[in-house]
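Asker: Provided below are the primary sequence and the corresponding predicted coordinates.
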Amino acid sequence: MHTKGSSCCCSFEDYKLTTEWLLNQTRHRPKVAVICGSGLGLLAEGAADKQTFRYQDIPNFPVSTVPGHEGCLVFGTIEETPCVFMKGHFHLCEGYSLCQVTFPVRIFKLMGVEFMLVTNASGGICPDFKVGDIMIIKDHINLPGFAGQHPLCGPNDERFGTRFPCMSDAYSKDLRTLALDVGSELGCSDFIRTGVYCMVSGPNFETIAEARVLLTLGCDSVGMSMVPEVTVAKHCGLKVLGLTLVTNKVSLDYSREEKVNHDEVLEICKMRAELLQKLVTTLIGRCQQNINRQ
Ligand SMILES: O=P(O)(O)O[C@@H]1C[C@H](O)[C@@H](CO)O1
């Protein structure tokens with residue numbers, strides 16, 4: 001279970017053991033999973049009838065080490081929709097393998113989750129973006145994946161998905177449209193964006209030359225998480241919506257003095273957490289209405 005290296009080393013039995021442990025511990029059977037990025041754990045607070053499990057108490061689960069990540073799984077309901085929230089997720093830059101980073105996604109799948117909403121913090125690259133904007137992710141660039149740091153490398157288990165999955169539709173168009181509609185209803189259109197998200201491994205923030213490369217590649221924002229989880233979610237058939245909070249403007253100019261830091265990232269997350277919670281809660285409720293109509 002969980003050796004170093006990028007390819008998945010978990011057996012189906014490992015996933016089953018953790019899933020059965022959780023199904024025995026909670027009465028909830030989640031349909032929606034929400035991964036809360038740095039400083040965004042507040043998203044789980046809106047749930048009713050909560051049951052919380054610390055990652056350290058869950059068999060085979062890694063533990064969060066990045067500040068702003070509480071490290072617990074919260075089951076509950078949002079407007080009668082059974083949900084599970086990850087208050088804190090895992091990063092390559094923590095030294096975890098991609099198998100560990102994405103382990104919870106397959107647990108959600110085996111528990112019956114159908115839709116996964118991932119959130120994180122990122123640096124704005126698109127010149128039009130402002131700090132505090134919320135970007136609906138329409139596509140991503142998996143930079144670590146280009147170098148073989150990829151969660152689907154290694155033996156493929158057909159019980160989860162196909163060997164060569166399509167990734168061009170990783171982010172559900174229906175859910176992106178719904179997010180735009182809900183954003184507009186909540187009066188957030190001025191700072192709701194849509195764009196391409198790029199993942200880098202971190203833990204350092206980009207150099208100016210690296211930032212310029214990402215701009216040239218067509219990236220609108222850059223972060224250090226999320227893409228492995230989205231990739232594994234798409235592989236095993238979950239519908240995905242990604243929302244990334246622009247917490248800083250990436251330096252593209254050598255004359256710029258500002259220096260980005262994690263405290264600044266957490267500060268912006270705190271400022272936007274309540275609005276993101278309202279957006280996510282409304283979205284989940286609207287999804288349930290769609291599911292009921294199907
Ligand atoms: O967990 P996320 O991706 O939201 O956290 C961001 C990215 C880095 O881990 C860290 C940089 O400040 O915050």
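Answerer: The structure has been received and is ready for your questions.
Asker: how far away is V182 from the ligand?
Answerer: Between V182 and the ligand the distance is 21 Å, computed by CB to the nearest ligand atom, to the nearest Å. Just so you know, the C-beta spots here come from the backbone N, C-alpha and C atoms, and that holds for glycine as well.
Asker: tell me which element that residue is part of?
Answerer: Using DSSP states H and E, V182 maps to helix 173-185.
Asker: nearest residue to the residue of the stretch 51-200 of the chain found nearest the ligand other than its sequence neighbours?
Answerer: In the stretch 51-200 of the chain, the residue that lies nearest the ligand is N120 (3.3 Å; CB to the nearest ligand atom). Among residues not flanking N120 along the chain, G37 sits closest, at 3.2 Å (CB to CB, 6 or more residues apart in numbering).
Asker: after the helix holding V182, next one along is what?
Answerer: Helix 173-185 is succeeded, C-terminally, by strand 192-199 (DSSP H and E).
Asker: which strands or helices does that following strand pack on?
Answerer: Here strand 192-199 is seen to pack against strand 134-142, helix 143-146, helix 173-185, strand 221-223, helix 227-235, strand 239-249 when contacts are counted using 3 or more CB pairs under 8 Å, 6 or more residues apart in numbering; DSSP states H and E.
Asker: please repeat the previous calculation with a cut-off of 10 Å.
Answerer: Judged by 3 or more CB pairs under 10 Å, 6 or more residues apart in numbering; DSSP states H and E, strand 192-199 is in contact with strand 115-124, strand 134-142, helix 143-146, helix 173-185, helix 208-216, strand 221-223, helix 227-235, strand 239-249.
Asker: would you reformat these as CSV and include mean neighbour count, distance to L98 and mean pLDDT?
Answerer: Formatted as CSV, the helices and strands packed on strand 192-199 follow (neighbours: other CB atoms under 10 Å; distance: least, CB to CB, whole Å; pLDDT from 0 to 100):
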stretch, mean neighbour count, distance to L98, mean pLDDT
strand 115-124, 26, 15, 97
strand 134-142, 21, 11, 98
helix 143-146, 17, 8, 96
helix 173-185, 16, 24, 97
helix 208-216, 15, 21, 97
strand 221-223, 26, 16, 98
helix 227-235, 27, 5, 98
strand 239-249, 24, 17, 97
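Asker: so E20 makes contact with T26?
Answerer: No. Applying CB atoms under 10 Å, one finds E20 not in contact with T26, separated by 11.7 Å.
Asker: show me the shaky parts of this structure.
Answerer: 1-8, 290-294 (pLDDT under 70).
Asker: quick check: the residue of it nearest the ligand.
Answerer: G37 (2.9 Å).
Asker: burial count for that residue?
Answerer: 29 (other CB atoms under 10 Å).
Asker: surely it and R272 touch.
Answerer: No. Using CB under 10 Å, G37 is not in contact with R272; the gap is 11.1 Å.
Asker: quick one: the helices in the stretch 1-150 of the chain?
Answerer: Assigned by DSSP state H, counting those that start in this stretch, the stretch 1-150 of the chain shows helices spanning 12-25, 98-111, 143-146.
Asker: out of these, which one sits most buried?
Answerer: helix 98-111 (a mean of 25; mean count of other CB atoms under 10 Å).
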